[in-house]
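In: Fold the following and give me the result.
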Amino acid sequence: MTPDQIRLVQDSFREVVPIRVAAAALFYDRLFAIDADLRALFPVRDMTKQGAKLMASLGFVAHGLDRADTILPTVRVLAKRHVTYGVEERHYPIVGQALIETLAVGLGPAFTPPVRDAWEAAYGLLANVMIAAAREDQLAA
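Out: Numbering: from 1, shown residues only. Here you go, the predicted structure:
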């Protein structure tokens, strides 16, 4: 990611924080609309706590992008945990689509093409690290 992309992600995430509860709900609505089978990965019906975890994770990543080497170990651990929840490699593009669609709605006109590109780059980085960590874990098993 470029420094400008990192700045765009960090700045736009600050705009998400005030609407984080609604954004999280929208994210899960989009996720389950894209692939209803993913609902089975979440044993609870009330997604409020899960939404708070999602927003905390996004904040952790967004704010750590300018020092990625410090956040990537945590991202790898998160990936391995997600495998135990039933997350598969094929789910990552679906999650990325739901995230981008959520940001587009939540940020409205502020979700410019450069902001979209920055978030796609950030999610691509995150997803690639998580997929690689999950593969390593599976190979070690």
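In: name the element the closest residue to Thr70 other than its chain neighbours belongs to?
Out: Leaving aside its sequence neighbours, Thr70 sits nearest to Gly64 (CB to CB, 6 or more residues apart in numbering; 6.1 Å). To be clear about C-beta, it is placed using only N, CA and C from the backbone, and glycine gets the same treatment. Per DSSP states H and E: Gly64 is located in helix 48-64.
In: Any chance you could list what contacts that helix?
Out: 9-10, 13, 16-17, 20-21, 23-25, 27-28, 42, 44, 70-71, 74-75, 78, 122, 126 (CB atoms under 8 Å, 6 or more residues apart in numbering).
In: rerun at 10 Å
Out: 6, 9-14, 16-17, 19-28, 31, 42, 44, 47, 68, 70-72, 74-75, 78, 95, 99, 102-103, 119, 122-123, 125-126 (CB atoms under 10 Å, 6 or more residues apart in numbering).
In: Using CSV, write down the CA coordinates of that helix.
Out: The C-alpha atoms that make up helix 48-64 are tabulated as CSV, following Å, rounded to 0.1, in the frame of the first residue of the first chain:
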residue,chain,number,x,y,z
THR,A,48,-24.3,-6.7,18.2
LYS,A,49,-21.2,-8.1,20.0
GLN,A,50,-19.9,-9.6,16.8
GLY,A,51,-20.3,-6.2,15.1
ALA,A,52,-18.4,-4.5,17.9
LYS,A,53,-15.5,-7.0,17.4
LEU,A,54,-15.6,-6.4,13.6
MET,A,55,-15.3,-2.6,14.1
ALA,A,56,-12.5,-3.1,16.7
SER,A,57,-10.6,-5.3,14.3
LEU,A,58,-11.1,-2.9,11.4
GLY,A,59,-9.9,0.0,13.6
PHE,A,60,-6.8,-2.0,14.7
VAL,A,61,-5.9,-2.8,11.1
ALA,A,62,-6.7,0.7,9.8
HIS,A,63,-4.6,2.4,12.5
GLY,A,64,-1.8,0.0,12.2
